[in-house]
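> Just a sequence and a predicted model for now, questions to come.
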Amino acid sequence: MARVTKRLSARTVATAAVGKHADGDGLYLSVTKEGTGERRRWLLYFMWEGKRREMGLGSAREVSLANARELAAAARQKVRDGIDPIATRNSELAKVPTFGEMADTYIEAMAPQFRNAKHVDQWRMTLREYAGPIRSKRVDLVTTEDVLSVLKPIWSTKAETAYRLRGRIERVLNAAKAKGYRSGENPAAWRGHLANLLPKRHKLTRGHHAAMPYADAPAFLAKLRARDGVAALALEFTILTAARSGETRGATWQEIDLILKVWTIPAHRMKAGREHRVPLSAGALAILNRLAEFGSESSQFVFPGNKIGRPLSVMALDMLLRRMQVDVTVHGFRSAFRDWCGEETSYPREIAEAALAHVVGDQTERAYRRGDALRRRRDLMSAWSDFLEAASTEEC
């Protein structure tokens, strides 16, 4: 007598009442009461060594009817081949990594394609801190509810971070699927899935970084110099060189030439992906000479963090500004420098923009302007240092 197969449909899977519903050939949809809700899961029954065995194939919310049939067919084939599908699965599951392990593996594998070290740190931080509740869970067991438990607490308060986190979780789970650790739909997918469960995010309105008026910078520098610690020196160096905080934190001694008085930042550490030479003023050199007394091996960070072999943390300079109760950002000092260039000097716009490592002009114009105007920028940075030094000395 022929077996009756494929009794169920996607609609009946979603609407079937409490009980067991046969699809045929040993595959069942089991619907049970769970508190005020229901639990829908797939079960496969088969005979092994004269005994009837039951094998779970996953939640009907995460495993579609088509996928359940595929899993059931694969298990039945193992039985025909004399292989216990439950023992095989248990052995395979023992090798399945946790979400945290999968996330760390993914970041390590993909690090070369990220823009810079700061981007890698952002991935590590968000998947460690915000996704902490699911890091210890086996990656194949991560559900939509798990993803929502991570996203909901920050979805409205930290919208941009939450949205990026969702995308990162989705990519980690996609990698797990490619490795064979998962099957079915991705519970972190947005379109057609989380878009129906979370409110649409408000796009970040990008404004200017909070900046200090350049006229107030010398007085601030005087207060900064009264503080001890590597973070204070790093912030002062950042202001004097008009650099980005990440460029300062990641600086190593092999980038510094104290004789030629030049800091050469390699392309892979620059936002624009191009090498940038920074002429070092007397003020910047004084900071470097002070730090060199504690060691200046080429591979060492100029501004080391608390952990050996690590630079200052991503938040070190921002936290310093908070402790000083100054409502500006580190990046805002670049704006102060640019305003000073335009208001107080006669240097051309191109020189000021080059000092900030900004790309100026179209591709043709840049092709003809091959130099980086280092000599003229050296004069500019010396003038900036003199402005800060003279006024800050008056404040003391």
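Done, it's in. Residues are numbered from 1 along each chain as shown.
> does A251 really touch F301, like I thought?
Yes: at 6.9 Å, A251 counts as touching F301 under the criterion of CB atoms under 8 Å. All C-beta spots, glycine's among them, are computed from the backbone N, C-alpha and C.
> Neighbour count: these two, which is higher?
Relative neighbour count places A251 above the other of A251 and F301, with 24 against 17, counting by other CB atoms under 10 Å.
> And the pLDDT at that one?
A251 is assigned a predicted lDDT (pLDDT) of 94.
> ok, now which ones touch it?
Counting by CB atoms under 8 Å, 6 or more residues apart in numbering, A251 makes contact with 263, 265, 301-303.
> Name the nearest of these relative to L288.
V302 (7.0 Å; CB to CB).
> Got the phi and psi for the nearest residue in space to G26 that is not next to it in sequence?
By the measure of CB to CB, 6 or more residues apart in numbering, the closest residue to G26 outside its immediate chain neighbours is Y45, 4.6 Å from it. Y45 has phi and psi values of phi -110, psi 140 when expressed as degrees, to the nearest 10.
> what does K179 give?
Per-residue torsions, K179: phi -80, psi -10 (degrees, to the nearest 10).
> any idea how far A74 is from it?
If you measure K179 against A74 using CB to CB, to the nearest Å, the figure is 17 Å.
> And this structure, what are its domain boundaries?
Per automatic domain parsing, the domain ranges recorded for the chain read 10-93, 99-196, 214-395.
> in which helix or strand would I find the residue minimising distance to the centre of the chain?
Within the chain, one residue has its C-alpha closest to the average C-alpha position: by CA atoms, centre = their mean, that is W123, at 2.2 Å. Secondary-structure element containing W123, defined by DSSP states H and E: helix 117-125.
> Keeping just the C-alphas, turn that helix into CSV.
Listed in CSV are the C-alpha atoms of helix 117-125, where the atom choice follows Å, rounded to 0.1, in the frame of the first residue of the first chain:
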residue,chain,number,x,y,z
ALA,A,117,41.4,49.0,12.9
LYS,A,118,38.7,51.2,14.4
HIS,A,119,36.1,49.5,12.2
VAL,A,120,37.3,46.1,13.5
ASP,A,121,37.1,47.4,17.1
GLN,A,122,33.5,48.6,16.5
TRP,A,123,32.5,45.2,15.3
ARG,A,124,34.1,43.5,18.3
MET,A,125,32.7,45.9,20.8
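> what's it packed up against?
Judged by 3 or more CB pairs under 8 Å, 6 or more residues apart in numbering; DSSP states H and E, the packing partners of helix 117-125 are helix 99-110.
> Do you have the strands of the stretch 201-350 of the chain handy? List them.
For the stretch 201-350 of the chain, the strands identified by DSSP state E, counting those that start in this stretch occupy 256-257, 262-265, 276-279, in order along the chain.
> So what are the sheet partners of the last one and their directions?
What it means is strand 276-279. For strand 276-279, the pairing partners within the sheet under DSSP bridges are strand 262-265 (antiparallel).
> Make TSV out of the strands of the stretch 201-350 of the chain and add mean neighbour count and distance to R323.
As requested, these are arranged in TSV below (neighbours: other CB atoms under 10 Å; distance: least, CB to CB, whole Å):
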stretch	mean neighbour count	distance to R323
strand 256-257	18	28
strand 262-265	18	27
strand 276-279	22	27
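> Need those in CSV (columns: distance to H21 and mean pLDDT).
Converted to CSV, the strands of the stretch 201-350 of the chain look like this (distance: least, CB to CB, whole Å; pLDDT from 0 to 100):
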stretch, distance to H21, mean pLDDT
strand 256-257, 71, 96
strand 262-265, 65, 96
strand 276-279, 66, 95
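> For M319, find the nearest of these.
In terms of CB to CB, the element of the strands of the stretch 201-350 of the chain nearest to M319 is strand 262-265, at 23.7 Å.
> Provide the contact partners of the closest one at residue level.
241, 243, 247, 251, 255-257, 275-280, 284, 374.
> how far away is the residue nearest to the centre of the chain from A357?
Shown here: W123 relative to A357, a distance of 24 Å by CB to CB.
> For A354, which non-adjacent residue is spatially closest?
A373 (5.4 Å).
> Quick check: which ranges of the stretch 101-250 of the chain have low pLDDT?
Low-confidence segments of the stretch 101-250 of the chain, defined by pLDDT under 70, are located at 115-116, 201-209.
> quick one: contacts for P187?
The contact partners of P187, by CB under 8 Å, 6+ apart, come to 62, 142-144, 146-147, 173, 193.
> Can you pull the phi and psi angles for the nearest residue to Q254 once chain neighbours are set aside?
Using CB to CB, 6+ apart and skipping the chain neighbours, the partner closest in space to Q254 is S298 (3.7 Å). Per-residue torsions, S298: phi -60, psi -30 (degrees, to the nearest 10).
> Contact partners for S298?
Residues in contact with S298, defined by CB under 8 Å, 6+ apart, are 252-254.
> Quick one: buried ones out of the residues you listed?
Applying a neighbour-count criterion of 16 or more other CB atoms under 10 Å, the buried members of those are 252-253.
> and the contacts of S298 as a markdown table, adding distance to R138?
A markdown table is the format used below for those (distance: CB to CB, whole Å):
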| residue | distance to R138 |
| --- | --- |
| T252 | 39 |
| W253 | 44 |
| Q254 | 43 |
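> Now flag whichever of the contacts of S298 is closest to R334.
Using CB to CB, T252 is the member of those that lies nearest R334, at 21.8 Å.
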